[in-house]
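# with the input below, show me the fold.
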Amino acid sequence: NEEQFNDEEQSSHYDEGYHSSSSSLFGRGRYGRRDHFTEVTYQNIKHIPKTFLGIDLYIKDKSTPWIIGGIALMVLSAPFLIFNEVNSQKNKAAFEEGAKIVKSINPAEIKNKFNNKLIHFSGDTKIGRYPKDSYTGVSPKALKLNRTVEMYQWQERKSSKEETMSDGKTKTTTRYDYYKVWSSSPISALRFKRRGGHNNPTRMFIRSESFLASNVKIQKFNLNKEILNKISKTEPYMVNGKSAQKNLKVYNGGYYMGGNPSYPRVGDIRLNYNIVKEGAFTVIAGQNGNNLAPFKSSNGQEIQLIEPGKITAKKMFALAQSANMASTWVCRLVGFLMIFFGVLLFVNPISKIDENLPAIRNLAKSGKFILASTFATAGAFLSIGLGLLIYSPLVAIIGLIVGGGAGIFSFAQVGKIQSSAKKAGQEEIKEAA
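Residues are numbered from 1 along each chain as shown. Next comes the predicted model:
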């Protein structure tokens with residue numbers, strides 16, 4: 001077996017009927033390097049016959065890790081989704097409780113009667129010492145300074161396609177693309193298929209880091225690190241002076257280490273900053289003298305909120321509820337995808353129903369996505385329903401009904417695939433005869 005390639009071809013033969021060919025495409029652009037190469041392999045893969053739900057299948061040999069990984073994802077999705085629902089409902093109840101008992105106070109005076117109570121206040125921040133990046137000397141008038149460090153590096157992207165040949169061998173075409181990217185973490189070239197010409201520095205001597213202001217107050221109340229780290233609204237900060245390091249030069253609002261920033265080279269480093277500005281903030285937390293601490297609700301959930309601007313307690317809790325719901329839906333999607341990809345991993349080793357009958361083989365391939373989608377829907381709704389059973393029985397029952405219906409539909413689809421496979425097989429056998 002031979003393959004035609006772009007510039008050069010290398011072939012080597014291995015034991016057990018394994019054949020490999022590879023090609024490289026060389027570029028003569030800015031970097032004068034090849035940007036990809038393609039490898040084609042032929043291999044006799046053992047297939048173990050199995051019967052699943054009445055369908056005669058063939059499972060790829062040495063596919064146990066895929067099957068175990070798929071089962072693990074599916075199994076872990078249930079507690080993940082259930083915990084997500086329970087935690088979401090607890091947060092919702094805690095915020096509803098907090099909205100009823102919170103006390104709005106004047107931060108200019110400390111009243112001991114509010115100790116260990118949930119309080120709400122607004123005011124302008126006062127900073128004792130601004131954050132400072134000791135490496136570059138950058139120290140803006142802000143509550144928080146975030147330094148982002150990126151290094152220019154090679155990155156490998158792999159894509160594969162498998163085909164079963166008429167002689168029963170499996171042909172795998174794998175393309176390896178190499179391109180340069182800015183990355184905030186080191187990319188190990190040791191894992192590259194071809195390291196030659198794609199070497200990266202083994203480490204970054206400076207990394208991304210955050211710096212907080214100290215002695216931050218709103219009137220007489222101290223704002224601790226925990227509550228300051230809850231502020232998510234940031235904006236870019238443009239450096240306007242030389243760095244404390246001589247090898248850093250100002251470029252595009254940040255710093256650059258290397259040659260010409262317009263033509264970066266592997267190993268070049270760039271630093272950029274964003275900040276949390278000082279100003280007016282609204283806080284809801286537990287009072288402990290002139291300090292703040294998370295307030296524990298009756299169900300054990302902690303309440304500690306901060307938002308920019310002067311906001312009423314009612315709106316603060318409305319924002320917290322919205323954020324809680326958004327987080328809940330993100331986790332629901334993650335749980336759905338865990339089941340979806342778990343099913344795909346589980347059924348992926350099913351390489352064929354009958355390799356000599358293409359129609360059946362196509363049904364097997366398309367059936368994987370049908371099964372993954374329906375089983376993911378069923379599993380997600382059933383898990384969500386179980387999680388909501390104590391807190392919202394009606395919604396839980398609806399979820400369980402939908403999940404059960406999706407499960408029944410899933411098995412019905414299996415039956416259809418089985419029936420269609422047998423019918424297609426009989427038709428192809430007749431045509432072959």
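
# quick check: which ranges of the stretch 51-200 of the chain have low pLDDT?
Residue ranges of the stretch 51-200 of the chain with pLDDT under 70: 51-64, 167-168.

# all helices of it, in order?
Using DSSP state H, counting those that start in this stretch, the helices of the stretch 51-200 of the chain run over 64-101.

# quick one: the strands in it, in order.
55-60, 103-104, 118-129, 142-164, 170-183 (DSSP state E, counting those that start in this stretch).

# name the residues of the longest one that are buried.
Spelled out, that is strand 142-164. 142-147, 149-154, 156, 164 (16 or more other CB atoms under 10 Å). For glycine as for every other residue, the C-beta is placed from the backbone atoms N, C-alpha and C.

# any idea how far the residue nearest to N299 when sequence neighbours are not counted lies from G404?
Excluding its sequence neighbours, the residue lying closest to N299 (CB to CB, 6 or more residues apart in numbering) is K90, at 5.3 Å. To G404, K90 is 26 Å away according to CB to CB, to the nearest Å.

# cool, N146 as well?
In terms of CB to CB, N146 sits 47 Å off from G404.

# assign the most centrally placed residue in the chain to helix, strand or coil.
Geometric centre of the chain, nearest residue: V334, 8.9 Å, by CA atoms, centre = their mean. Secondary structure state of V334, per DSSP: H, G, I helix; E, B strand; the rest coil, is helix.

# mind pulling up the pLDDT for it?
In this model, V334 is scored at 96, pLDDT.

# how near is the closest residue to it other than its chain neighbours to A293?
Distances taken as CB to CB, 6+ apart place F80 nearest to V334, at 7.5 Å, with adjacent residues excluded. Per CB to CB, F80 is found 30 Å from A293.

# so which helix or strand takes in E307?
If you go by DSSP states H and E, E307 is part of strand 305-308.

# tell me the strands beside that strand, with direction?
Here strand 305-308 is paired, per DSSP bridges, with strand 280-288 (antiparallel).

# which residues touch the next helix or strand after the partner strand?
Counting by DSSP H and E, the next helix or strand C-terminal to strand 280-288 is strand 291-293. Strand 291-293 is contacted by residues 221-224, 227, 283, 285-287, 304 when judged by CB atoms under 8 Å, 6 or more residues apart in numbering.

# who wins for most neighbours among these?
Counting by other CB atoms under 10 Å, A285 has the largest number of neighbours within the contacts of strand 291-293, with 26 neighbours.

# ok, that residue - contacts?
With contact set as CB under 8 Å, 6+ apart, A285 has these partners: 118-119, 227, 292-295, 303-306.

# using the three-state scheme, assign the residue lying closest to I398 once chain neighbours are set aside.
Distances taken as CB to CB, 6+ apart put G385 closest to I398, at 7.6 Å, once the chain neighbours are dropped. Secondary structure, three-state DSSP: G385 is helix.

# in stretch 281-300, what's buried?
281-287, 292-293, 295, 297.

# measure it end to end?
26 Å (CA to CA, to the nearest Å).

# so how far is that stretch from its chain's centroid?
A distance of 31 Å separates the centroid of the chain from that of stretch 281-300, by CA atoms, centre = their mean, to the nearest Å.

# buried sites along stretch 226-242?
Buried-residue list, stretch 226-242, by 16+ other CB under 10 Å: 227-228, 231, 234, 237, 239.

# okay, and which of those map to helices?
Residues of these located in helices (DSSP state H): 227-228.

# and which of the buried residues of stretch 226-242 is nearest to R270?
V239 (11.7 Å; CB to CB).

# distance to T328 added to the buried residues of strand 142-164, as TSV?
What follows is the buried residues of strand 142-164, written out as TSV (distance: CB to CB, whole Å):
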residue	distance to T328
A142	32
L143	29
K144	27
L145	32
N146	27
R147	32
V149	34
E150	33
M151	37
Y152	39
Q153	37
W154	40
E156	37
T164	44
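
# between these, which is nearest R270?
Distances from R270 to the buried residues of strand 142-164, taken by CB to CB, are shortest for E150, at 5.4 Å.

# where does G27 land on pLDDT?
Predicted confidence (pLDDT) for G27: 40.
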